[in-house]
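*Asks:* here is a sequence with its predicted model. Questions after.
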Amino acid sequence: MEVLPLVALVAGCAVVAGLARWTPVPAPLLLVAAGLGAAYVPGVPSYALDPHIVLPLLLPPLLYTAAVDSSYLDLRANMRPVALLSVGYVLFATVAVGYVAYLVVPGLSLPVALVLGAVIAPPDAVAATAIARKLGLPNRITTILQGESLVNDATAITAYKVALAAVVGVGAGWAHGIAEFLLASVGGVGVGLLLMVPIHHLRKRLREPLLQNTLSLLIPFVAYAAAERVHASGVLAVVVVALYLGHRNWQVDFATRLQEEAVWKMVAFLLESVVFALIGLQLPVVLKGLGEYEGLHAAWYALAVFLVVVAARFAWVFPATFLPRVLSERIREREPDTNWKAPVIVGWAGMRGVVSLAIAFSVPMGVPHRNLILFLTFTTVIGTLVVQGLTLPPLIRRLRLPPKDLHAETLAEAQAQSEASRAAEERLDELLSEPANALPPPLADRLRTVLERRRNAVWERLGGVNAETGESADDVYRRLSREMIGAEREVFVSLRDRRRIDDEMLRALLRRLDLEEAAAYREEST
């Protein structure tokens, strides 16, 4: 692709995504609609999806940003529903969609129909996170949807490879399918486990924020490529590494965290915008190759597949939610407030996205009914994004889910801040008792009161001289302040690990400390 069309695509997506903030329509839906409209504007070049670009170049950073911002502890606490959706549901949807397509479409063989089922099976990571973020869903529902979207692509890609092998007559059979799945899943997790500790060690050792952020941008691609190199799941490798790094991000230098957050927000914004616009821009490519399936027959097939995709999700979600509670008393005790509203939302939040389209475009040219697979994938993606995406917000409002308990969150934050401030004061007393840390009384008093002021505004740096160490008073002041902030940071992490506060609150508290530390240690301009 030439440079100018690519620049125009990115710039146009940024404009539309920016305008979406002024409308009630979620940005993903507006971008898809803009892509559909732009596809037929004279002079707009063809933006055909290349699976060799989308899967290895767009998917890893999108998964990485979603996983880093996810809570490892929350995902571990909800491992059962996440696994049932990301593995069980994807396999169930593959079979359900494939079998219905086999019955509805004349001449469609069952192996080819299962290829279609695997392509359409996974809800999209980008769509789920973007919609859930805008709607402000309850924490547990958001965690389940995010966890599902992080892992289900690996299941779907593996199922697709197995079904495609059956179509071309290579390695078909249950034994081969199970072996392929085990290699992809276990291998992907294994590669992630091997990479996560050395990468984190390197992140801690690098002191230059620019080098740190360069490494950060490379991490998802390295993890994905390393896993794919050994025929394992690059998706799972990226997710494992990102979850580990996100969980231990507090150990990295504050300047890196602040800069990294800004960099990845920009990257995620641009990639998500481009991804949804690309979905709409595929319409001419898809319709061009439809051939013999044009007309009412194609519309009927598309409607049938869309309906079975929606129905299959509810058919899986409700038993997967309530059957384990019937069978296990432990689950009933742990989830006493489970009702029908949460499964309705999870069932209706099954939007498909660019990953399904990328897999569909990767179907080899010689596979029978390839053009029909592309068309049905496209209509299902558009149908779920438009129908479910537009109706999900009013559905949530109609169900009247209990809002977040802001009073409880505020109380937890106040208690966490109180404990952290107490630890910082104790650390300050220890430091001031040493001659090397002597400070003029006004600065010492300021250090004692800065904890209270931290709740309202950043504190000012002061100057002075320390006769014992040769440091300026400003240097001693900043050094002691950093020790206090370090003591607070350790308490916040400890409270998170003991589940006294959640990861979202931890990030907010750490960012506040990071900004204080950045203000105290900002570099002199050169």
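*Replies:* That came through, no problem. Numbers count the residues shown, from 1 in each chain.
*Asks:* only C-alpha atoms for contact and neighbour calcs from this point on.
*Replies:* Will do.
*Asks:* the strands in the stretch 301-450 of the chain, which residues?
*Replies:* In order along the chain, the stretch 301-450 of the chain carries no strands (DSSP state E, counting those that start in this stretch).
*Asks:* least confident secondary structure element in the protein?
*Replies:* Ranking every helix and strand in the chain by mean pLDDT, DSSP states H and E puts helix 125-135 at the bottom, with a mean of 63.
*Asks:* what's the following helix or strand after that one?
*Replies:* Moving toward the C-terminus from helix 125-135, the next helix or strand (DSSP states H and E) is helix 139-168.
*Asks:* same question for that following helix, mean pLDDT?
*Replies:* Mean pLDDT, computed over helix 139-168, is 86.
*Asks:* what separates it from the chain centre, distance-wise?
*Replies:* Offset of helix 139-168 from its chain centre (Cα atoms, centre = their mean, to the nearest Å): 14 Å.
*Asks:* got it, and stretch 32-50?
*Replies:* Its chain's average C-alpha position is 26 Å from that of stretch 32-50, according to Cα atoms, centre = their mean.
*Asks:* name the residues of it that are buried.
*Replies:* 32-36, 38-39, 45, 47-49 (16 or more other Cα atoms under 10 Å).
*Asks:* closest to residue 357 among those residues?
*Replies:* Taking Cα to Cα as the measure, residue 357 lies nearest residue 49 of the buried residues of stretch 32-50, at 7.8 Å.
*Asks:* OK, contacts around the closest one?
*Replies:* When contacts are counted by Cα atoms under 8 Å, 6 or more residues apart in numbering, residue 49 touches 278, 282, 357-358, 361.
*Asks:* out of the residues you listed, grab the one that's most surrounded.
*Replies:* Highest neighbour count within the contacts of residue 49, by other Cα atoms under 10 Å: residue 357, with 27 neighbours.
*Asks:* my read: residue 245 touches residue 68, true?
*Replies:* Yes: with contacts counted by Cα atoms under 8 Å, residue 245 reaches residue 68, the gap being 6.9 Å.
*Asks:* the contacts of residue 49 in helices, which ones?
*Replies:* Members of those lying in helices (criterion: DSSP state H): 278, 357-358, 361.
*Asks:* make JSON lines from the buried residues of stretch 32-50 and add secondary structure and distance to residue 255 to it.
*Replies:* Formatted as JSON lines, the buried residues of stretch 32-50 follow (DSSP: H, G, I helix; E, B strand; the rest coil; distance: Cα to Cα, whole Å):
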{"residue": "32", "secondary structure": "helix", "distance to residue 255": "36"}
{"residue": "33", "secondary structure": "helix", "distance to residue 255": "39"}
{"residue": "34", "secondary structure": "helix", "distance to residue 255": "38"}
{"residue": "35", "secondary structure": "helix", "distance to residue 255": "38"}
{"residue": "36", "secondary structure": "helix", "distance to residue 255": "41"}
{"residue": "38", "secondary structure": "helix", "distance to residue 255": "41"}
{"residue": "39", "secondary structure": "coil", "distance to residue 255": "43"}
{"residue": "45", "secondary structure": "coil", "distance to residue 255": "41"}
{"residue": "47", "secondary structure": "coil", "distance to residue 255": "38"}
{"residue": "48", "secondary structure": "coil", "distance to residue 255": "40"}
{"residue": "49", "secondary structure": "coil", "distance to residue 255": "37"}
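*Asks:* and the pLDDT at residue 7?
*Replies:* As predicted, residue 7 sits at a pLDDT of 88.
*Asks:* and it, how close does it get to residue 272?
*Replies:* For residue 7, the distance to residue 272 (Cα to Cα, to the nearest Å) stands at 15 Å.
*Asks:* neighbour count for these two, which is higher?
*Replies:* Shown here are residue 7 and residue 272; by other Cα under 10 Å, residue 272 has more neighbours (23 against 11).
*Asks:* tell me what the host helix or strand of that one is packed against?
*Replies:* Take DSSP H and E as the rule and residue 272 turns out to sit in helix 254-281. When contacts are defined as 3 or more Cα pairs under 8 Å, 6 or more residues apart in numbering; DSSP states H and E, helix 254-281 packs onto helix 3-20, helix 27-38, helix 59-68, helix 209-229, helix 354-361, helix 370-383, helix 503-520.
*Asks:* which of these sits most buried?
*Replies:* Mean neighbour count (mean count of other Cα atoms under 10 Å) peaks for helix 354-361 among those, with a mean of 26.
*Asks:* give the rounded mean pLDDT of that one.
*Replies:* The pLDDT scores in helix 354-361 average 86.
*Asks:* contacts for it next, please.
*Replies:* Helix 354-361 is contacted by residues 49-51, 54-55, 59, 116, 119-122, 124, 153, 157, 275-276, 278-279, 373-374, 377-378, 381 when judged by Cα under 8 Å, 6+ apart.
*Asks:* do stretch 8-18 as well
*Replies:* 27-28, 30-31, 34, 269-270, 273-274, 277.
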